[in-house]
Structures are given as C-alpha cells and as structure tokens.
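J.: Here's my sequence, what's the structure:
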Amino acid sequence: MPLPSRRNLLLSAGAAGLLTGLASQPALAFGKKDKPVTAPNSDIMFTNASAAALAGIKRIVIANYVIAFQTETSDFREATRFNKAETKATNSWDNFDVDLMQEITDAGYAQLKADFVAHGIEVLETSVLASQPFYQKIQTATGFGSPAYWGNGDGKAVLVSATGLAPFQSYGPETGNFELYNGKSTGGAPNPPTMMKRLKPYQLPGWEIDLAKALDAAVVKAWQVVDFGKVEAGANRWGFGGGGGTLDRAEHTADASSHVRIREEQSRLSFRLPTSTNRKGESVRQIPATHMAPPKDGDVVIAVGNPIFMGSDLFTLTDAGETSGQRMTGFLLGGAQHINIAAHLDAPELYKTRVSGAVNTLMGNLVNAALPSPG
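T.: Numbering: from 1, shown residues only. Modelled structure (predicted):
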C-alpha cells in the first residue's frame, strides 16, 4: 500500500524487519519564520564595502545573471564509536521543469535591467561583451553552459543563466565553500569548473576590473539560489548479549520538509568597478569546510540577509523507497541505510508566480540599496 503524502515527512526504517512508518511532523525550523515575498531593506546586507563606493556610477554592464534552483538535498548520519548505524537521507524534486526555471530567470534579468534604468543608469547591451579580450579570458577560465546540472552547499541544483548571456563562476577564494561542488552531473550543457580549477585563474578579479575599464562601466554579476526543501538523517543502534542470544536493533530516520525560499547570504548582486585597484580580490573564510561565508566577489557585494520564504504548500513529499542499486549494495557490502524522499511540485504555475515575484522584487530592493533613490 503506498504511503499517504505529506508536506513534511518523518520516515523511519528498522533493521529488524525493515519497518517503514509515516507521521505528520512539524516543518523543520530554519531559524526564521516565513517572510513575505517582498524583501525589506533591513534584510539586505553589504558583505564588504558600502553603497558609498558606488557613488558616481553612471553606466553598468550585466556580465552574469544566474539562478541556481535546488533539485536535491541530502544528509548523512555517520556512525560513531557508540552508535554504528548509518543513514543516508535524500529529498529530491522529481518533476522539475527547466523551461519554467528559464522563464523565471529571464524575467528577473529583465527586471534587473529595468531597475537600473529607473535609477538613471545606462545599461550596456550584453552584445558588447563578446568582443572584449578580458571577457573572453573570463569565459575561458570559468565559463560553463546553461542549464548546468551541478550543485552547491545545499545539494544538487540546476544553474540557469539569462538567455543570451553566457554564465561564468567567480574566483573561488571570493565565494567560499558554498559553491565548492566537485560532483559529477549529466546534462545538456558543460558543467561549471570545479573549485580546484577556480583557484587557478588568480587574475580573474583583475580581468573583471580590466573589463570594467575597457567599457567604462561597472561590471555587475547577479547570482541567486532558490531552495525547495531540507532533510535531516538520524540513526540509533542498541543491543545486548546474554541468555543464549543477542539483540541488535537499528533505527534509521529521515525528517524532511519543503519550504520554497531564496537563500540568504548567497543570493547577491556584485559590482566590480573600473576605478578599483584590488586586482587580487577578496578571500572569505573557508575553515571549517561546513562554514558557508557570504561571498565577496566584487568591490561591492549586496546580499540577502535573511531567507525569503514563499510557502510550504507547493510540494508533496512521499517515500520513494530504496533503489535497486542501493538495496544490492546494502545486501552485499552493508553500509548506510538509504531513505529516499520524492518531492513533487503540485502547482508549477503557482511556484512560478511566487518565485518570479520574489526574484523580481529582490532585484529592485538590491538596486535600491546600492544606488540613491531615482529622481
């Protein structure tokens, strides 16, 4: 009998008889209550400089516009000295639509251009980039295809660039651990470079400055992260011997939820200025590896300070069961118990409306924080 669906799942599997249960569970706490779609300026942060550094800006070129849509998140409960049970839990979006993602991305890109124009800023056409030698160097060093099936610190993701604008990744030390994804993924476009490759072009911040000088315009990069869910793995093992027998029992759990949201700190607008002398760029904290520092991939970087929530009613979560490969590996080699959760988007148009509305509003709020009020 198939398990009933829930917005939030608590799944458990017991090694003795492999019991799978389902219970309604409160949503995982993300540290903040759901916020409205709008992003008030109090929730916007400058990660390095301030708006004063942008004084006098008259012209910009948008060199990068990417939205990373989370499609899978996972968690691993590792065995300890006193608890040998291991659990690998995965929460995967099973029906994502790249065309829908592209529409959201293109609308946000158009809104960003309009917001700059509304502030009296000249926005150069992206066609001017292709012939620029320093832009060509950037693309050779860290450019990739779109859509790219890749990932980040929140799990697997599809990276979608605005139509007609080739994407690239910023210098590794400036973005930190969140974009340190070295997995293998398949898709119709070339993958982004791994972190190791992104450490090599140390000239990249300088190339962005040179590009800004050549065009006499601030180079703007927009990078956003839209997440859909979260999962936490758990495990417990206990037993005793005696009386002619041994009791050994393990329980594996996965606590999953769906909250569509724009990711705090990593969603940002970055400016590289033609007047900059910081050719080495910045370096953000990368120790420990679990620390996700706000990026500083520009002379001025404006980021979302708190997550922007868009609801927990868009996805249905169900138990997807183990794959045949996972069952075979477990039978032959042992190891972690796998719990797979399928997240199904029930209302694609409503998702598009909410996410696109939040992205478009965010573009305006970031530009408003960066530049004086128009008029």
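
J.: From now on I want contacts and neighbour counts done on CA atoms only, so please keep to that.
T.: Will do.

J.: Quickly list what the closest residue to Glu208 other than its chain neighbours is bridged to.
T.: Nearest non-adjacent residue to Glu208, counting by CA to CA, 6 or more residues apart in numbering: Arg272, 6.5 Å away. Beta-bridge partners for Arg272, by DSSP bridges, are Val219.

J.: One more: Leu159?
T.: For Leu159, the beta-bridge partners are Ala68, Ala148 (DSSP bridges).

J.: ok, it - contacts?
T.: 66-69, 146-151 (CA atoms under 8 Å, 6 or more residues apart in numbering).

J.: One more: Glu122?
T.: With CA under 8 Å, 6+ apart, Glu122 has these contacts: 58-60, 116.

J.: How about Pro147?
T.: By CA under 8 Å, 6+ apart, Pro147 lies in contact with 98, 158-161, 187-189.

J.: Quick check, the residue nearest to Glu208 in contact with Gly281.
T.: No. In this structure, Arg272 is not within contact of Gly281 by CA atoms under 8 Å, at 9.9 Å.

J.: what's the overlap in contacts for those two?
T.: The contact sets of Arg272 and Gly281 overlap at 298-299 (CA under 8 Å, 6+ apart).

J.: Counting neighbours, go ahead and name the busier of those two.
T.: Neighbours were counted for Arg272 and for Gly281 using other CA atoms under 10 Å; Arg272 has more, 29 against 21.

J.: Val300 versus that one, what's the distance?
T.: Remark: distance between Arg272 and Val300 (CA to CA, to the nearest Å) = 7 Å.

J.: Pull the most distant pair out of the contacts of Pro147.
T.: The distance between the two most remote of these (CA to CA) is 14.4 Å, for Ser161 and Gly187.

J.: These two: who's more crowded?
T.: The residue with more neighbours, out of Ser161 and Gly187 and counting by other CA under 10 Å, is Ser161; that gives 27 against 13.

J.: Excluding sequence neighbours, find me the nearest residue to the more buried one.
T.: Nearest residue to Ser161 in three dimensions, chain neighbours excluded: Val66, at 4.4 Å (CA to CA, 6+ apart).

J.: and the helix or strand that contains the one you found, what other elements does it pack with?
T.: Per DSSP states H and E, Val66 falls inside strand 59-77. Using 3 or more CA pairs under 8 Å, 6 or more residues apart in numbering; DSSP states H and E, the elements in contact with strand 59-77 are strand 87-93, helix 98-118, strand 122-123, strand 155-161, strand 218-242.

J.: Could you dump those into CSV and include mean pLDDT and distance to Arg327?
T.: Formatted as CSV, these follow (pLDDT from 0 to 100; distance: least, CA to CA, whole Å):
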stretch, mean pLDDT, distance to Arg327
strand 87-93, 93, 13
helix 98-118, 98, 31
strand 122-123, 98, 55
strand 155-161, 94, 22
strand 218-242, 85, 18
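
J.: Now distance to Asp319 too, for the ones you listed, in TSV please.
T.: TSV is the format used below for those (distance: least, CA to CA, whole Å):
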stretch	distance to Asp319
strand 87-93	9
helix 98-118	24
strand 122-123	48
strand 155-161	19
strand 218-242	13
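
J.: Ala293 is nearest to which of the ones you listed?
T.: Between Ala293 and these, the tightest spacing by CA to CA is seen for strand 218-242, at 14.4 Å.

J.: Tell me which residues touch Gln139, please.
T.: Contacts of Gln139 (CA under 8 Å, 6+ apart): 166-168.

J.: so which of the contacts of Pro147 would you say is closest to Gln337?
T.: Of the contacts of Pro147, the one sitting nearest to Gln337 (CA to CA) turns out to be Val158, at 26.9 Å.

J.: tell me the contacts of that closest one?
T.: Contacts of Val158 (CA under 8 Å, 6+ apart): 68-71, 98, 147-151.

J.: now it, nearest residue through space, not along the chain?
T.: Using CA to CA, 6+ apart and skipping the chain neighbours, the partner closest in space to Val158 is Tyr149 (4.6 Å).

J.: just the helices in this protein please.
T.: Taking DSSP state H, the helices of the chain run over residues 98-118, 133-142, 172-175, 195-199, 204-215, 324-333, 348-370.

J.: Return the closest of the contacts of Glu122 with respect to Leu180.
T.: Ile60 (28.5 Å).

J.: Quick check: the closest one vs Ala218, distance?
T.: Look at Ile60 and Ala218: by CA to CA, they are 5 Å apart.

J.: neighbour count winner among the two?
T.: Ala218 (28 against 24).

J.: Distance check, that one against Glu251.
T.: When Ala218 is compared with Glu251 (using CA to CA), they lie 56 Å apart.
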